[in-house]
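# Model the following, please.
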Amino acid sequence: MTPTVTRSVRKILVLAACSLIAGCATVASIVYPLNENADKARAGNYSLDDDHASVVFSINHFGFSEFRGRFDTLTGSLDLDSENPQNSYVTVDVAINSLHTGVEALDQQLLAKDMFDAGTYSNATFTSDTVTRVSDDSARIDGVLTIKGISRPISLEARFIGSGTNPLSGRQTTGFTATTILKRSDFGLKNWLPFVEDEVEVVLDVEFAENR
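This is a model prediction of the structure:
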């Protein structure tokens, strides 16, 4: 096969692949139409989908960089009242041992007794108190975060991502992202201060599946 023919064949294959992807997207929108309107999310009781949830944190490291880590094992529940968001209620439990930063030695230091003390305190827990709508797709969730047995009030700035029937599970699913900034020293996590910053930015990404 000549180079010219080869290039032509490749171009045809690329165009065919693009058409197929576009076609799949069209079919997907018909099979499981996605709702991006928070008001239309189905009210009900939901459980957190651990396969599609994470907590990512970032912290300034010695003034050189924003260092990130994450927790990957979460459980929780959501009582969703989309017409009256103030009546909604959410809880999230984060397994401390699911922490990883990509640096094994650091992971062990963070899980040790003088930091998270994962051997004694296996979970961090957030429980909402009030939900206040801020805009069509966002809300402030005020509640209590408990780490190492220390409870402090925090506020999450939450944004609705979308809802609809999950084509894999057949269950109604709704997703959110939420952010907050907290001081780690408030929860007894004081190692390496002040060289590693006290303030930590936290991003929570979650999907909840409706209970059957």
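# which residues of the chain fall in helices?
3-31, 104-111 (DSSP state H).
# Go through the strand ranked longest in the chain and flag the buried ones.
Counting by DSSP state E, the longest strand found in the chain is strand 150-165. Of all the residues in strand 150-165, those buried under the rule 16 or more other CB atoms under 10 Å are 154-156, 158, 160-165. Using the backbone N, CA and C atoms, a C-beta is placed for each residue, glycine as well.
# how about low-confidence regions in the protein?
1-32 (pLDDT under 70).
# hmm, try it at 90
1-35, 168, 212 (pLDDT under 90).
# Please, where are all the strands along it?
Using DSSP E, strands in the chain cover 44-48, 54-61, 65-71, 74-80, 89-95, 99-100, 123-135, 138-147, 150-165, 172-183, 199-210.
# Name the strands paired with the first one and say parallel or antiparallel.
Put plainly, it is strand 44-48. The strands that strand 44-48 pairs with in its sheet are strand 74-80 (antiparallel), strand 199-210 (antiparallel) (by DSSP bridges).
# who's in contact with the longest strand of the chain?
With CB atoms under 8 Å, 6 or more residues apart in numbering as the test, strand 150-165 has contacts from 32-36, 38, 40-42, 126, 129, 134, 137-146, 171-180, 182, 186-188, 204.
# ok, and the closest non-adjacent residue to Ala38?
Excluding the flanking residues, the one nearest Ala38 by CB to CB, 6 or more residues apart in numbering is Phe160, at 4.0 Å.
# coming back round to it: just the buried ones from the contacts of strand 150-165, in PyMOL syntax?
Listed next is the PyMOL selection for buried residues among those, using 16+ other CB under 10 Å:
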select buried, resi 35+38+41+126+137+138+139+141+143+145+146+172+173+174+175+176+178+180+182+187+188+204
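# coming back round to it: which of the buried residues of strand 150-165 sits closest to Trp192?
Closest approach between the buried residues of strand 150-165 and Trp192, by CB to CB: Ile154, at 21.9 Å.
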